[in-house]
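Asks: predicted coordinates and the sequence they were generated for:
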Amino acid sequence: MITVDGLTKRYGQLTAVDEVSFTAEPGRVMGFLGPNGAGKSTSMRMMVGLSEPTSGTAHILGRRFGELPNPGREVGVLLDASAQHGGRTGREILSLAAGTMGLPKAWGDAALERVSLTPEEARRRVGNYSLGMRQRLGIAVALIGDPDVLILDEPANGLDPAGIRWMRDLLRGFANDGGTVLLSSHLLHEIEVIADDILVIGNGRIVARGTKEQLLTEGGTLARSADPAALAAALRAAGHASKQASSGALHTEADAGTVGQVALATGVALTELRAADSTGLEEMFLALTDDSQRDGLRDETDTKTEGTAA
């Protein structure tokens, strides 16, 4: 289990993570979803003791990460696959990880097999690995200690479709065996397919949370019009807030019937009107995080301070 309470990180005047709280339960995959620069990586770094929070706490299996007696045996972590030493072979990296945790070297071979890296690939230097192979090696390091919790930041990066399917099955099996998985991604479809619970972050704040089914049920309505500004004004006048995604669709909590009546009364022609069901998850995500869909100071700060895109 992972329990995060009021986690906050400030860099001078910039608040990168703002009062983030959630619980990731055993036997479930939690998808940590947000655009680049939203604060996902900073949050994860604080959870595993790589960055000191300004305030708030993060507990894994009831303790702070630094209080775990042998962290690798309890928490498997992958934050940046490209950070592996390029001059060592895959087998050497796993042997070092096993030695650090006090494990037999044979556990490294088992981890290699689990992530489908061949003996020939294990003998190659990591500097010659593709990004997808580095991801597999990073997942092997995370799994080598047979942990109860996995914390993975964008593990699908660099994987081909077959590799993504493999990773999805592996994490699903880990959770089905009682493990806790926290998986960050900006890939909407990947989170939708694998996650039991979804946490959406934008500008450092949690903007939506719940099971996939709950989020979609509470997703309200998506509407398109040739004049979205007029439709938004009409909804606002009728007491219904709305937000426009970068795609042009409006997202509102009002039901479809209400939106249709407002549009008809105002004379605004609708080109699309539907509930935010599974096909509208992308539109809902863009609407919820619209303020984060930009380049700028937060992205630059995350890149410098996290070592990887959030």
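Replies: Yep, it's here.
Asks: which parts of the stretch 201-310 of the chain are helices?
Replies: 212-217, 228-237, 256-266, 281-288, 297-306 (DSSP state H, counting those that start in this stretch).
Asks: for Ala223, list the residues it contacts.
Replies: For Ala223, the contact set (C-beta atoms under 8 Å, 6 or more residues apart in numbering) comprises 231, 249-250, 252, 256, 259, 263, 270, 272-273. From N, CA and C alone the C-beta is placed, and that goes for glycine too.
Asks: before we move on, the earlier item: mean pLDDT lowest for which of the helices of the stretch 201-310 of the chain?
Replies: Ranked by mean pLDDT, the helices of the stretch 201-310 of the chain end with helix 297-306 at the bottom, a mean of 44.
Asks: how near is the nearest residue to Ala265 once chain neighbours are set aside to Gly260?
Replies: If you skip the residues right next to it in sequence, Ala265 has Ala234 as its closest partner in space, 7.6 Å away by C-beta to C-beta, 6 or more residues apart in numbering. Computed as C-beta to C-beta, to the nearest Å, the Ala234 to Gly260 distance reads 11 Å.
Asks: please identify the helix or strand for the most centrally placed residue in the chain.
Replies: When C-alpha atoms, centre = their mean is applied to the chain, the residue found nearest the centroid is Ser184 (1.8 Å). Taking DSSP states H and E as the criterion, the element that holds Ser184 is strand 180-185.
Asks: kindly report the same for Arg165.
Replies: Arg165 is located in helix 161-176, with elements delineated by DSSP H and E.
Asks: what angle do that helix and strand 180-185 make?
Replies: Interaxial angle of helix 161-176 relative to strand 180-185 (axes from the mean of the first three to the mean of the last three C-alpha atoms, to 10 degrees): 150 degrees.
Asks: distance check, Met47 against Trp107.
Replies: Met47 sits at a distance of 24 Å from Trp107 (criterion: C-beta to C-beta).
Asks: ok, these two, which is more surrounded?
Replies: It is Met47, of Met47 and Trp107, that has more neighbours when counted by other C-beta atoms under 10 Å, with 28 against 18.
Asks: give me phi/psi at the closest residue to that one other than its chain neighbours?
Replies: If the residues on either side of it in the chain are set aside, Met47 comes closest to Ala58, at 4.3 Å by C-beta to C-beta, 6+ apart. When quoted as degrees, to the nearest 10, the phi and psi of Ala58 stand at phi -140, psi 130.
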